[in-house]
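>>> I'd like to go over a predicted model; first the sequence, then the structure.
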2 protein chains.
Amino acid sequence: MSSVQRCLVLGLVLAAVCVAAFAQQPPPNAAAPKPARPRMGIEVPKLGDGPFVYDTAEHQKIKVTIAARGLVHPWSMLWLPDGGMLITELRGKLKLFRDGAMKEIPGTPEVRAQGLMGLMDIALHPNYAQNHLVYFSYDKLTGNPAVPNEAQLAVGRARFDGNSLVDRQELLTTDAYRVVGGTASRIAFDRAGLLYVTSGASNTNQAQEGDSLLGKVLRLRDDGTPAPGNPFAGKPGFRPEVYTMGHRNQLGLTFHPVTGVLLSAEHGPDGGDEVNVIQAGRNYGWPLVSFGRTYEGPRVSENPWREGIELPLLYWVPSIAISGIAVYTGDKFPAWKNNLFVGSMRVGEVPGTAHLERIVLNDKMEELRREMLLTDLRQRIRDVRQGPDGNLYLLTDEENGVLFRIEPTN
Amino acid sequence: MSSVQRCLVLGLVLAAVCVAAFAQQPPPNAAAPKPARPRMGIEVPKLGDGPFVYDTAEHQKIKVTIAARGLVHPWSMLWLPDGGMLITELRGKLKLFRDGAMKEIPGTPEVRAQGLMGLMDIALHPNYAQNHLVYFSYDKLTGNPAVPNEAQLAVGRARFDGNSLVDRQELLTTDAYRVVGGTASRIAFDRAGLLYVTSGASNTNQAQEGDSLLGKVLRLRDDGTPAPGNPFAGKPGFRPEVYTMGHRNQLGLTFHPVTGVLLSAEHGPDGGDEVNVIQAGRNYGWPLVSFGRTYEGPRVSENPWREGIELPLLYWVPSIAISGIAVYTGDKFPAWKNNLFVGSMRVGEVPGTAHLERIVLNDKMEELRREMLLTDLRQRIRDVRQGPDGNLYLLTDEENGVLFRIEPTN
């Protein structure tokens, strides 16, 4: 079968999936369908009070403390210049955690909170100290009367006046998700003040369509317009916001603090989680090629790779359900300098052990080894960040989620 | 660079590695070089008395009992028709475990026991009930006076008279390992009475050389001569024993009891463990292509795959240090019927969690999901077999190794 034929077949299959998916959507307030078999996976043990103390592979002993409780599926976090912390929750709330107290910050956009969709990432404008601008990614209904519950990804910003988000603006909306469910979105500013936005397209061909904003990394000015010099600008059939294409579902995004290299964490299907080095104009392959399998068993693609497709920097088979990522550059854990940390959310339906993973890279960003941490807690790690104090902080994607602080024991 | 050029360069590099490796070998009784840094990895906890009880992902509760202790790096096991169990130990001993008592069986061949090398797999002749023939794979010195400690892989057989191995014969020896260290070898008979032997070639190009018996699956008659109909028989530059080529280091081998498909478990480098479906005449790629990286960081091959190379049925990134494999077909664990079990030995220098892994395949042998079991014990699982009683049995590759029995709790 030629590429064109394969593409056509894929397109038709996806169109059918799409129609079927929307057709099957239950009407509002319909009873949820009962699961046909008992939920797979062993029970996640109730999280104790901690602190939890571990030895680790490079003899760095750590203490894991629950710094905050009561977060409902927290998604992302950042530190304000005054030391306070903003935390998003998937269902749409924004929390401010300061001096041990948690309070809600009003003024967030109305989000479509269902399944994977909702309020996701949050970032400060590089010039936040002056303009107090906060950026966020979220899902919203398109309002298309022909397709109830049709959703799209959006990026917005607002000014944080210390108590509320004010002067909120919607900067960008993508084309609609063609199947229900949505995907994740991370956002990050580079050193030049440009904003990078990840979008996903797990079950459609949109990642390979230049005129779709889904399945991409987008690069924008701080006002949401396409960044100057974007690689496909002016190319027929391509949106000028597109920076890279061929992405499935990107749950992590970070600039390497030392090298400035942009790293994106991407969910594969069953097998095939990746960390990619994001470079202008490149194609990362989804859904043309993948190391993974569909959940029914067959491989996503006959071959795991083809000429012209970027190889991931790191990949995981089986998938760990990769999420937030961070490069550690602090002084608290000398043995972990420049290590990459990634969250794993793999428990429940897909058996596995959610954990924090540490990856040692050499100076050329080539992988040397990995270590799984906190496996016994079995908490879904949604986000990982280095704090201003040089400790590591984690958010757990649980109904009763927590903020973990990891510090050396000595 | 063309394939030929690449091959040439590879050959030269490997030749240099080889010379360097033999040159660096310490003289007998020389003091071992001191490690430059503390050994990586967290301490493996002392194994308790058990039994250890677990819930598992498909609600199959299990009890893990220590059935026997005091095995020194046990490697393989099988059951005799009378219910007794033969167990090999890497350093060269053969043990008989019957009615709770362990005794040593003399008559094993002299083996080169160092590093990965020694006495490895053991198998019964299909007609054992009549001829009492036992087959085994092992490493031995070549006796080449020009290269002290030069070793090779061998396959032998002997008659087990109930107390000793007698009438021992050496059936096959391979060409010498070109670098020190050796590789693993498993053996298994098919339904037609032909013997399959795995050999490895981790650090040389021998896996791609038709006239080398290393880095291959070999197929033999029960007397050690090449099996009739072997795919390369009569082809210039190929040994007639060769059945498949391009293998790195195969630590597991089993026939699927239902389908008869031959499965081989292969160690990748850092990333790239595989289970392959072994089919006559195919090339599995080592060291031309690999999903893995060298231990210094760079990828083994620019591309993870190329036309004409077999894709693995299953692969693991990062590596779990895969070892023995078995397909479960008993009645004791109904939810695990036709699941593939593989041992993982990944602890110590390479951080990780040694465990038993369960892989669910659909009717087309396509992977559906995996589960890690016994992770908290952190025991290196060298072999896994289904016992005649329908329970699962494991050997741990430890200085004080054990035989585990896994049975349902009900």
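All right, it came through fine.
>>> so how many other residues sit close to the closest residue to residue A:249 other than its chain neighbours?
Leaving out its chain neighbours, the residue that sits closest to residue A:249 by C-beta to C-beta, 6 or more residues apart in numbering or on different chains is residue A:200, at 3.7 Å. Every residue, glycine included, has its C-beta placed from N, CA and C. When neighbours are counted by other C-beta atoms under 10 Å in any protein chain shown, residue A:200 registers 27.
>>> list the contacts for residue A:200?
A:182-185, A:207, A:214-215, A:247-250, A:267 (C-beta atoms under 8 Å, 6 or more residues apart in numbering or on different chains).
>>> which bits of the stretch 301-410 of chain A sit near chain B?
A:303-305, A:311, A:315-318, A:350-353, A:361-362, A:364, A:366-372, A:375-376 (C-beta under 8 Å from any C-beta of the partner chain).
>>> change it to 6 Å
A:303-305, A:315-318, A:351, A:362, A:366-368, A:370-371 (C-beta under 6 Å from any C-beta of the partner chain).
>>> include pLDDT and secondary structure when you put the residues you listed into a markdown table, please.
Output for those, formatted as a markdown table (pLDDT from 0 to 100; DSSP: H, G, I helix; E, B strand; the rest coil):
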| residue | pLDDT | secondary structure |
| --- | --- | --- |
| A:303 | 78 | coil |
| A:304 | 76 | coil |
| A:305 | 77 | coil |
| A:315 | 90 | strand |
| A:316 | 90 | strand |
| A:317 | 86 | strand |
| A:318 | 86 | coil |
| A:351 | 65 | coil |
| A:362 | 92 | coil |
| A:366 | 91 | coil |
| A:367 | 91 | strand |
| A:368 | 89 | strand |
| A:370 | 90 | strand |
| A:371 | 90 | strand |
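>>> pull out the buried positions in stretch A:343-359.
Buried residues in stretch A:343-359, counted by 16 or more other C-beta atoms under 10 Å in any protein chain shown: A:343-348, A:350-359.
>>> and the residues you listed, which is closest to chain B?
Nearest to chain B among the buried residues of stretch A:343-359: residue A:351, at 3.5 Å, using C-beta to the nearest C-beta.
>>> ok, the closest residue to residue A:300 other than its chain neighbours - contacts?
Leaving aside its sequence neighbours, residue A:300 sits nearest to residue A:290 (C-beta to C-beta, 6+ apart; 3.8 Å). Contact analysis of residue A:290 by C-beta atoms under 6 Å, 6 or more residues apart in numbering or on different chains lists A:272, A:300-301.
>>> from the residues of the stretch 301-410 of chain A next to chain B, which two are the most distant?
A:351 and A:362 (32.6 Å; C-beta to C-beta).
>>> who's in contact with residue A:381?
Residue A:381 neighbours (C-beta under 6 Å, 6+ apart): A:343, A:356, A:394.
>>> change it to 8 Å
A:323-324, A:343-345, A:354-356, A:374, A:394-397.
>>> looking at those, which are in strands?
Using DSSP state E, the subset of the contacts of residue A:381 located in strands is A:323-324, A:343-344, A:356, A:394-396.
>>> pLDDT for the residues you listed - can I get that in a markdown table?
Formatted as a markdown table, the ones in strands among the contacts of residue A:381 follow (pLDDT from 0 to 100):
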| residue | pLDDT |
| --- | --- |
| A:323 | 97 |
| A:324 | 98 |
| A:343 | 98 |
| A:344 | 96 |
| A:356 | 96 |
| A:394 | 98 |
| A:395 | 98 |
| A:396 | 97 |
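>>> closest one of the residues you listed to residue B:93?
residue A:344 (41.2 Å).
>>> can you name the residues bridging to the closest one?
Beta-bridge partners for residue A:344, by DSSP bridges, are residue A:322.
>>> tell me where the stretch 1-150 of chain A has strands.
Assigned by DSSP state E, counting those that start in this stretch, the strands in the stretch 1-150 of chain A fall at A:52-54, A:62-71, A:74-79, A:85-89, A:94-98, A:101-104, A:119-124, A:133-141.
>>> for residue A:256, which of those is the nearest?
Going by C-beta to C-beta, the one of these nearest residue A:256 is strand A:119-124, 16.3 Å.
>>> helices or strands up against the closest one?
strand A:74-79, strand A:85-89, strand A:133-141, strand A:187-189 (3 or more C-beta pairs under 8 Å, 6 or more residues apart in numbering or on different chains; DSSP states H and E).
>>> in a markdown table: those, plus distance to residue B:261.
Shown next, in a markdown table, are the helices and strands packed on strand A:119-124 (distance: least, C-beta to C-beta, whole Å):
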| stretch | distance to residue B:261 |
| --- | --- |
| strand A:74-79 | 44 |
| strand A:85-89 | 49 |
| strand A:133-141 | 45 |
| strand A:187-189 | 47 |
